[in-house]
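pasting a predicted model and its sequence here:
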Amino acid sequence: MTTKAYVTMVQFGSTEIEGLMDEQGKYYVAVTQVAAQLLASLNNPSKDVKALLGKGFEQFLKLKTELNPNPVNVVTLEQFEVVLTKLDRKGNVKAQQLRDSLVGLSLQQLFSDAFNIKFEKAERQQWLLQREVHQCNYNDRISHWLDVDGVPHAARGYIVNQFKTHVGVDLIPVNEYNSTQLALVNEAQASYEAMRMLGANHQQALDVLYKRSSAAKYPPLKLVS
C-alpha cells in the first residue's frame, strides 16, 4: 500500500531539501533527494542508498506526493542520519556540512519547524532526554542479553519488534517515537534487564511486560523455534 505524503522545504543551514510528511505525521526524505544532495552519481540512487544502509536493510517505503504521480522510494529520518554518518566517515564534504549544521539540533525538530508542527520547548527537551537515555542504555543492554541467549544477528530485528509489541509501542524506528513512547521503552528495558538478572528467560520477561502494559496495541510476537 502506498501512502500519501505532503512536501515542504527543510532548511539545513544554507542547504534546502524536500521534506516529506505522511498522513500520520511521520517524516521522510525521498531517495532521489538524498542522491541529489549527497551522492556523486544519480544513475541508481536506490541501489546506492540501500548499500549505505547496510545488510540489515530490506526494502524502501514508498510515498506518493503532489510533485510526482508515481510512488517514490523514501528513507526515515533515522535512516537519513545513518546515510549522513556513513558518508561523513567516508569524507563526503556535503555530508560533513549537513552534520555540522545539525549540531545542537535534531532532524525531528527541523522537520517539525518546516511543517509548522508545534513542538514545544518542554516537549523537545523531554524527547531529547528520553532519546539520550535510550541511546546510552537500550542497544548495549538488550544486545548483552541477546548475546547471552545466542541469538544470531539475522534474527535480532525480529526480537526488537517482539520487545516493542510486548511493551505497547508502535512498530516504527525508535528515532520516530515521541517522548512518551521513548519513556515506555526505556522503563520496560530497565524492567526487562532486572528480570533477566533475577533468572527469568527472555519470553518470561516479555510476558510480564505485556501484562503490565496498558498501551499494548499489537498481539505479542512469540519466538519461532
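Right, received. Where do you want to start?

buried ones in stretch 68-83?
Buried residues in stretch 68-83, counted by 16 or more other CB atoms under 10 Å: 71-77, 79-83. C-beta coordinates here come from the backbone N, C-alpha and C atoms, glycine included.

can you give me the end-to-end span of that stretch?
Length of stretch 68-83, first residue to last, CA to CA, to the nearest Å: 24 Å.

show me what it is in contact with.
2, 5, 20, 26-32, 34, 38, 46, 49, 52-54, 57, 60-65, 95, 107-108, 111, 172-176 (CB atoms under 8 Å, 6 or more residues apart in numbering).

quick one, what contacts the residue nearest the centre of the chain?
By CA atoms, centre = their mean, the chain has its centre lying nearest to Pro173, at 3.1 Å. When contacts are counted by CB under 8 Å, 6+ apart, Pro173 touches 76, 78-79.

which of those residues fall within helices?
Counting by DSSP state H, those place 78-79 in helices.

dump the contacts of Pro173 into TSV; add pLDDT as well.
Listed next are the contacts of Pro173 as TSV, based on pLDDT from 0 to 100:
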residue	pLDDT
Thr76	90
Glu78	85
Gln79	89
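
tell me which helix or strand of this structure sits lowest on mean pLDDT?
helix 121-149 (a mean of 68; mean pLDDT, DSSP states H and E).

what ranges do the strands span in this protein?
Applying DSSP state E to the chain gives strands spanning 3-12, 15-22, 27-30, 61-65, 68-76.

can you list those in a markdown table and add distance to Gln162?
Conversion of the strands of the chain to a markdown table gives the following (distance: least, CB to CB, whole Å):
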| stretch | distance to Gln162 |
| --- | --- |
| strand 3-12 | 25 |
| strand 15-22 | 25 |
| strand 27-30 | 25 |
| strand 61-65 | 21 |
| strand 68-76 | 20 |
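
domain ranges for the protein?
3-114, 121-212 (automatic domain parsing).

lowest average pLDDT across those domains?
With a mean of 77, domain 121-212 has the lowest mean pLDDT of the domains of the chain.

and the gap between Ala35 and Asp48?
The gap separating Ala35 from Asp48 is 7 Å, by CB to CB, to the nearest Å.

now swap in Leu182 and tell me
Distance from Leu182 to Asp48, by CB to CB: 31 Å.

skipping its backbone neighbours, what lies nearest Trp145 in space?
Once flanking residues are discounted, Trp145 sits nearest to Arg196: 5.5 Å by CB to CB, 6 or more residues apart in numbering.

more neighbours, Leu182 and Asp48?
Each of Leu182 and Asp48 has its neighbours counted (other CB atoms under 10 Å); Leu182 has more, 24 against 18.

how many residues are close by Asn50?
Careful, residue 50 is Lys and not Asn. Neighbourhood size, Lys50 [other CB under 10 Å]: 18.
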